[in-house]
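**Q** No sequence on hand, only this structure:
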């Protein structure tokens, strides 16, 4: 079934499963596998906890959370997933990362896995279908790769004179990133644009990517989402501003950190839904029976202060569509 046609069934909680230790009910433990860092995902964590609370679970009161952070290093994710499995957590949560969700699925066939990812979960091999995931995995599908061509189009609208657009991408991030590049490359000629793909997997490569962008005189930048890049949004925004390069990302935190714009799925919505779904699993529902939820909210954030610093006059049509204008 197509992503936008799937339905979210968030009602009808069932009786909680008993987690018993030494004859008494034990506090269930959530294994939270974060591919970025706590600072980078502060707003996501807040939304997740709020959704979890709405489902009846409050951290420290009737549920515990074990956090494992990869800090953008995707090579660490499989071992972190296996470590959480060895701790016998009640449910594995993999927010914001297809590689983390895949690692969790490979690490266990019995512990429930609830993901939030911008990748297509069917194409990534996480679930059999949106309506009937099967197995021990379900979750939230965020609007990330579907909105990639629109990010390029918004940059073109903001800077119509631009001809060369750089795309900052981590090739280790998997299908979601590859799909975004493919879709942007397909639409670029229609907009009269060339796409310059720059790879980064660490801070050294990030500096080299900006040096190449400067050398080739890229007119603007699309920051392609992945855990490493998301953990460096502040420095990337600073780099772009210092080089006077207008830039856009999927994550609103980028615009809030000084980037020119962000356009993509509302991460507060998707992580709130993630908390709700984890609550349903903790109450005893089987992940394979819970349809994958398609997040629906998209937001455009424009940093007008950055636009002025770059000497840009953004079209009123663009500013009028913005969900938030930072000035």
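**A** Received the coordinates, thanks. Since we're looking at a predicted model, the values are computed, not measured. Numbering: from 1, shown residues only.
**Q** Please name the nearest non-neighbouring residue to residue 156.
**A** residue 191 (4.7 Å; C-beta to C-beta, 6 or more residues apart in numbering). Just so you know, the C-beta spots here come from the backbone N, C-alpha and C atoms, and that holds for glycine as well.
**Q** so who does that neighbour touch?
**A** 152, 153, 156 (C-beta atoms under 8 Å, 6 or more residues apart in numbering).
**Q** Would you convert the residues you listed into JSON lines that also reports distance to residue 95?
**A** Converted to JSON lines, these look like this (distance: C-beta to C-beta, whole Å):
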{"residue": "152", "distance to residue 95": "26"}
{"residue": "153", "distance to residue 95": "28"}
{"residue": "156", "distance to residue 95": "31"}
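**Q** Quick one: mark the members of the residues you listed that sit in helices.
**A** 152, 153, 156 (DSSP state H).
**Q** could the contacts of residue 191 be laid out in JSON lines, adding neighbour count, pLDDT and distance to residue 105?
**A** Shown next, in JSON lines, are the contacts of residue 191 (neighbours: other C-beta atoms under 10 Å; pLDDT from 0 to 100; distance: C-beta to C-beta, whole Å):
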{"residue": "152", "neighbour count": "26", "pLDDT": "96", "distance to residue 105": "31"}
{"residue": "153", "neighbour count": "17", "pLDDT": "96", "distance to residue 105": "34"}
{"residue": "156", "neighbour count": "21", "pLDDT": "96", "distance to residue 105": "38"}
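**Q** ok, the residues you listed vs residue 323, which is closest?
**A** residue 153 (16.9 Å; C-beta to C-beta).
**Q** nearest residue to the closest one other than its sequence neighbours?
**A** residue 191 (6.4 Å).
**Q** Residue 307 versus the one you found, what's the distance?
**A** 20 Å (C-beta to C-beta, to the nearest Å).
**Q** Could you do residue 293 as well?
**A** In terms of C-beta to C-beta, residue 293 sits 35 Å off from residue 307.
**Q** Repeat that for residue 162.
**A** From residue 162 over to residue 307 the distance is 14 Å, taken as C-beta to C-beta.
**Q** which one of those two has more residues nearby?
**A** Taking other C-beta atoms under 10 Å, residue 162 and residue 307 do not tie; residue 307 has more neighbours (21 against 17).
**Q** how far away is that one from residue 127?
**A** Going from residue 307 to residue 127 by C-beta to C-beta gives 41 Å.
**Q** burial measure for residue 212, as a count.
**A** Using other C-beta under 10 Å, the number of residues around residue 212 comes to 14.
**Q** so it is in which element?
**A** When elements are assigned from DSSP states H and E, residue 212 belongs to helix 203-215.
**Q** just checking, next helix/strand downstream of that helix?
**A** The C-terminal neighbour of helix 203-215 among helices and strands, as given by DSSP H and E, is strand 220-223.
**Q** Ramachandran angles for the residue lying closest to residue 69 once chain neighbours are set aside?
**A** Spatial nearest neighbour of residue 69, excluding adjacent residues (C-beta to C-beta, 6+ apart): residue 34 at 4.7 Å. Phi and psi for residue 34, reported as degrees, to the nearest 10, are phi -100, psi 120.
**Q** give the contact list for residue 34.
**A** 41, 67, 68, 69, 70, 95, 96, 100.
**Q** When you filter those residues down to buried only, what's left?
**A** By the neighbour-count criterion of 16 or more other C-beta atoms under 10 Å, those include these buried positions: 41, 68, 69, 70, 95, 96, 100.
**Q** Which of those residues fall in strands?
**A** 68, 69, 95 (DSSP state E).
**Q** Pick the one among these closest to residue 215.
**A** Closest to residue 215 out of these is residue 69 (34.3 Å), distances taken as C-beta to C-beta.
**Q** if I look at that closest one, how far off is residue 38?
**A** In terms of C-beta to C-beta, residue 69 sits 6 Å off from residue 38.
**Q** okay, the most centrally placed residue in the chain: pLDDT?
**A** Most central in the chain under C-alpha atoms, centre = their mean is residue 96, positioned 3.6 Å from the mean C-alpha point. Per-residue pLDDT puts residue 96 at 87.
**Q** what does residue 225 give?
**A** Reported pLDDT for residue 225: 82.
**Q** Surely it touches residue 118?
**A** Yes. Using C-beta atoms under 8 Å as the test, residue 225 is close enough to residue 118 to be in contact (6.1 Å).
**Q** For the stretch 101-250 of the chain, just list every one of the strands.
**A** For the stretch 101-250 of the chain, strands defined by DSSP state E, counting those that start in this stretch occupy the ranges 113-117, 137-141, 164-169, 194-199, 220-223, 247-249.
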